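# 3D model of this:
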Amino acid sequence: MKNLLTYVKNQTQPFEGHEKNLEKYFVSINSRRFSEDDLKIHMESFNPIIHPEYYSYERLGLDYVNTVLMPKDVLDKNIESGQRQKYRYGVNKSYEKIRRDIVDKGINLRNKMIFIAIDREGNFIDLFSGNTFNNILESSNLENRIVSIFRTNDKFSNSNLIKIGVHQNTLINPSGEATPTDIKFALTEIVQTGELGTLEKNANSKQRSRYAGQLIDAITDMVGEKRSYVTKRKQLMKIVSDVMDEQLADKAIFSVKHGVDLMNFLRENSNQYDNSRLMYYTSFSNSHPSKAIQSMAGDWSNFKDSVRNNPHSSDYFNYERGTYCVILHGGTINPENPIADFFTKNMSFMDQWNKNMNFITSDLLSSDKELKQNPRIMIYGMFQPLKDLDHILPYLSVVTVEEFVDAYENYFLKGNLMNNKSVKSSNIVENLTDDDIDEYTEDAEELMAA
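Residues are numbered from 1 along each chain as shown. As a prediction, this is how the structure comes out:
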């Protein structure tokens, strides 16, 4: 092994004295003003070349112009006359921590400072990033501020400015990353600008889908991620649905947070699904078939423990003779493509479920006799959460697997979802072929991309 000292002998120290140099990057909150040297250090450390993600908003209507020293009274007067838009819900929860750091260590010139937007004539519009920092400096002796100026272009709008402000918060973790509550608040603010158009109280499915797409696009700009990232986050899809529900006369999509919540809803609104010694109902998400098996195993362990601990009790589920029924739910449905979401996720679950069962009974376990899945442990059906499918599968009901597959094959794949024909039950879920799955995947991808 080669001795590495050869790499350090007779070498000059390129950063000698760096401990002393650290001081030049901090300005005491008790200083009178930021100097031209302070401005130069800041611009060398924080600029569009080093941090382009903080400055690249041409697509949303703002062009970066310059970073300058601005007198505090000039900034204050403009803020008073500006929009004073809020880009988060409530106050910054990190306010006190940020304040203590500034008081104890000083103002770090390598950090982002204050960002403002002006129109083409130079009129102030808003301070869209750095409000927390500016508020903390109110208690200082500093007579000026380091301010980065952005000017509007043809793509500017109030809704775009809100997106930019929230995106700035998502970039700056120490200054209080945007939370789901902030995103919903900002999305509601965007709706109130009227720039997305109006979602009528009785909007049809196409109008709702189009509007949901606009809200998803807005969130995509706020969080600075790919659109596919946003649509896969149930919490963000729930925000879109909630914002739409506030404008619609009736809820068009019923979201489920937990399986236990769905079971409580079903029991409160029907005379079915009560557990007894011979019937046990539960609900799992259709997102992860493997987790469903784990949950079943956990339930079975609890059933056995109940019998072992209370052998003479009649209050427990008789797992040896009773029927265990699983109701699948879709959690939070994508409001832009709700029908595709419902059908593809449930069908994907059933396909993977059957593959898992075939593997367990045919390959994982060894026996001289043919192994079969216990018929008393079953996927009982799927919860139907979409008002738009009510004419095919009853809204807010549990449809059997056979009814679901029939609707999938005869309506979804054939594009006949608007036909007012009733579903005929068919027992074909165990006979899905690879061609069926390929066809389902192609149709699902095409519909999702539309």
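# domain ranges for this structure?
Following automatic domain parsing, the chain resolves into domains at 19-157, 259-449.
# may I have the beta-bridge partners of the closest residue to Lys105 other than its chain neighbours?
Leaving aside its chain neighbours, Lys105 sits nearest to Phe26 (6.2 Å; criterion: Cβ to Cβ, 6 or more residues apart in numbering). (Each C-beta comes from the backbone N, C-alpha and C, glycine too.) Phe26 has these beta-bridge partners by DSSP bridges: Asn108.
# next, count neighbours for Pro311.
Pro311 has 8 neighbours, counted by other Cβ atoms under 10 Å.
# give me phi/psi at the residue nearest to Ser81 when sequence neighbours are not counted?
Distances taken as Cβ to Cβ, 6+ apart place Phe124 nearest to Ser81, at 6.7 Å, with adjacent residues excluded. The phi/psi pair for Phe124 (degrees, to the nearest 10) reads phi -70, psi 140.
# go ahead and confirm Phe124 touches Phe150.
No: using Cβ atoms under 8 Å, Phe124 is not in contact with Phe150, being 11.3 Å away.
# so the two - more neighbours on which side?
Neighbours per residue, other Cβ under 10 Å: of Phe124 and Phe150, the larger number sits with Phe150, 24 against 19.
# what's across from that one in the sheet?
Beta-bridge partners of Phe150, as defined by DSSP bridges: Tyr64, Ala117.
# that one contacts Asp119, correct?
No: in this structure Phe150 lies outside contact range of Asp119 using Cβ under 8 Å: 10.5 Å.
# now the helices for the stretch 51-200 of the chain?
Residue ranges of the helices in the stretch 51-200 of the chain, as given by DSSP state H, counting those that start in this stretch, are 72-81, 95-105, 131-137, 158-171, 180-193.
# can you give me the offset of the second one from its chain's centre?
The one in question is helix 95-105. Put simply, helix 95-105 sits 30 Å off its chain's centre (Cα atoms, centre = their mean, to the nearest Å).
# tell me which of the helices of the stretch 51-200 of the chain is the most buried.
helix 158-171 (a mean of 23; mean count of other Cβ atoms under 10 Å).
# now that helix: mean pLDDT?
Averaging pLDDT along helix 158-171 gives 93.
# what's that helix packed up against?
Packing contacts for helix 158-171, counted by 3 or more Cβ pairs under 8 Å, 6 or more residues apart in numbering; DSSP states H and E, involve strand 62-71, strand 124-129, helix 180-193, helix 205-223.
# compute the inter-axis angle for it and helix 205-223.
Per axes from the mean of the first three to the mean of the last three Cα atoms, to 10 degrees, the angle that helix 158-171 makes with helix 205-223 is 50 degrees.
# picking that back up, quick one: closest of the helices of the stretch 51-200 of the chain to Ser313.
helix 180-193 (43.7 Å; Cβ to Cβ).
# can you list the helices of the stretch 51-200 of the chain in JSON lines and add distance to Phe284?
Converted to JSON lines, the helices of the stretch 51-200 of the chain look like this (distance: least, Cβ to Cβ, whole Å):
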{"stretch": "helix 72-81", "distance to Phe284": "52"}
{"stretch": "helix 95-105", "distance to Phe284": "40"}
{"stretch": "helix 131-137", "distance to Phe284": "42"}
{"stretch": "helix 158-171", "distance to Phe284": "32"}
{"stretch": "helix 180-193", "distance to Phe284": "24"}
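# between the ones you listed, which one is nearest to Gln384?
When those are compared by Cβ to Cβ, helix 180-193 sits nearest Gln384, at 26.5 Å.
# angle of that closest one against helix 205-223?
Between helix 180-193 and helix 205-223, the angle comes out at 120 degrees (the same axes, to 10 degrees).
# and helix 180-193, what's its mean pLDDT?
So the average pLDDT for helix 180-193 ends up being 92.
# got it, and stretch 402-411?
94.
# first-to-last residue distance for it?
Terminal residues of stretch 402-411 are spaced 14 Å apart (Cα to Cα, to the nearest Å).
# pull the distance from it to the chain's centre.
Its chain's C-alpha centre and that of stretch 402-411 lie 30 Å apart, by Cα atoms, centre = their mean.
# when you give positions from now on, start the count at 21
Noted, 21 is the first residue going forward, which turns the last one into stretch 422-431.
# how close does the residue nearest to Ser101 sit to Ile184?
In this view, Phe144 and Ile184 are 16 Å apart by Cβ to Cβ, to the nearest Å.
# ramachandran angles for Tyr301?
phi -110, psi 140.
# who's in contact with it?
Tyr301 is in contact with 283, 286, 293-295, 345, 347, 400, counting by Cβ atoms under 8 Å, 6 or more residues apart in numbering.
# so what's it bridging to?
Applying DSSP bridges to Tyr301 gives these bridge partners: Cys345.
# gap between it and Ile156?
Distance from Tyr301 to Ile156, by Cβ to Cβ: 55 Å.
# likewise for Glu141?
The gap separating Glu141 from Ile156 is 31 Å, by Cβ to Cβ.
# mind checking the end-to-end distance for stretch 345-353?
Taking Cα to Cα, stretch 345-353 runs 23 Å from one end to the other.
# to clarify, my last question referred to stretch 301-315.
End-to-end distance of stretch 301-315: 13 Å, with Cα to Cα as the criterion.
# perfect, that will be all.
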